[in-house]
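> Please find the sequence and the predicted model below.
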Amino acid sequence: MRYLFSTGLIGAITAGVSLLRGTRDAPITWRAVLAWLSWGITLALAVGAAVDMSRESRGMLVASDSPLQSKQAKKAQKTQAKAQKQQADAHAQARGR
């Protein structure tokens, strides 16, 4: 639910409302079509970002082109290094006995 109120989605929705008000009485021109196309792309990117944030918070993999992918990769490296250290410590303790 918190992802529905992200700044990207709120911005895209308010831009859509403003665009709707501005083009309601105007004739359809190529500029209006481009404005609506731009708004659609903005909305799609905002929804994609919200989906990526949701997936990342649940520990699921995110797409490789997502800005959150690098964060997820760093977290995986830290987890792997921690597991290797624990394994090395357990091996050293076993040798000591």
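Done, it's in. Numbering: from 1, shown residues only.
> Just the element for Leu20, please.
Using DSSP states H and E, Leu20 falls within helix 7-23.
> Now find how far off-centre the next helix or strand after that helix is within its chain.
Following helix 7-23 in sequence order, the next helix or strand is helix 30-57 (DSSP H and E). In terms of CA atoms, centre = their mean, to the nearest Å, the centre of helix 30-57 is set 11 Å apart from its chain centre.
> Any regions of this structure where pLDDT drops low?
For the chain, applying pLDDT under 70 flags the ranges 1-4, 69, 72, 97.
> which parts of stretch 57-71 are buried?
By neighbour count on 16 or more other CB atoms under 10 Å, the buried set for stretch 57-71 is Val62, Ser66. (Glycine included, C-beta is placed from N, CA and C.)
> Could you shift the numbering so residue one becomes 40, and keep it that way?
All right, first residue 40 from here; so that's stretch 96-110.
> any idea of the angle the helix holding Leu59 forms with helix 69-96?
Here the directions of helix 46-62 and helix 69-96 differ by 160 degrees (axes from the mean of the first three to the mean of the last three CA atoms, to 10 degrees).
> Convert helix 46-62 to PDB, retaining C-alpha atoms only.
Only the C-alpha atoms of helix 46-62 are listed here, as PDB (Å, rounded to 0.1, in the frame of the first residue of the first chain):
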ATOM      1  CA  THR A  46       6.400  10.500  -5.100                       C
ATOM      2  CA  GLY A  47       6.700   9.200  -8.700                       C
ATOM      3  CA  LEU A  48       3.200   7.900  -8.800                       C
ATOM      4  CA  ILE A  49       1.800  11.000  -7.200                       C
ATOM      5  CA  GLY A  50       3.700  13.200  -9.600                       C
ATOM      6  CA  ALA A  51       2.500  11.200 -12.600                       C
ATOM      7  CA  ILE A  52      -1.100  11.300 -11.500                       C
ATOM      8  CA  THR A  53      -1.100  15.000 -10.800                       C
ATOM      9  CA  ALA A  54       0.600  15.600 -14.200                       C
ATOM     10  CA  GLY A  55      -2.100  13.500 -15.800                       C
ATOM     11  CA  VAL A  56      -4.800  15.600 -14.100                       C
ATOM     12  CA  SER A  57      -3.200  18.800 -15.200                       C
ATOM     13  CA  LEU A  58      -2.800  17.500 -18.800                       C
ATOM     14  CA  LEU A  59      -6.400  16.400 -18.800                       C
ATOM     15  CA  ARG A  60      -7.600  19.900 -17.700                       C
ATOM     16  CA  GLY A  61      -5.300  21.500 -20.300                       C
ATOM     17  CA  THR A  62      -6.400  19.400 -23.300                       C
END
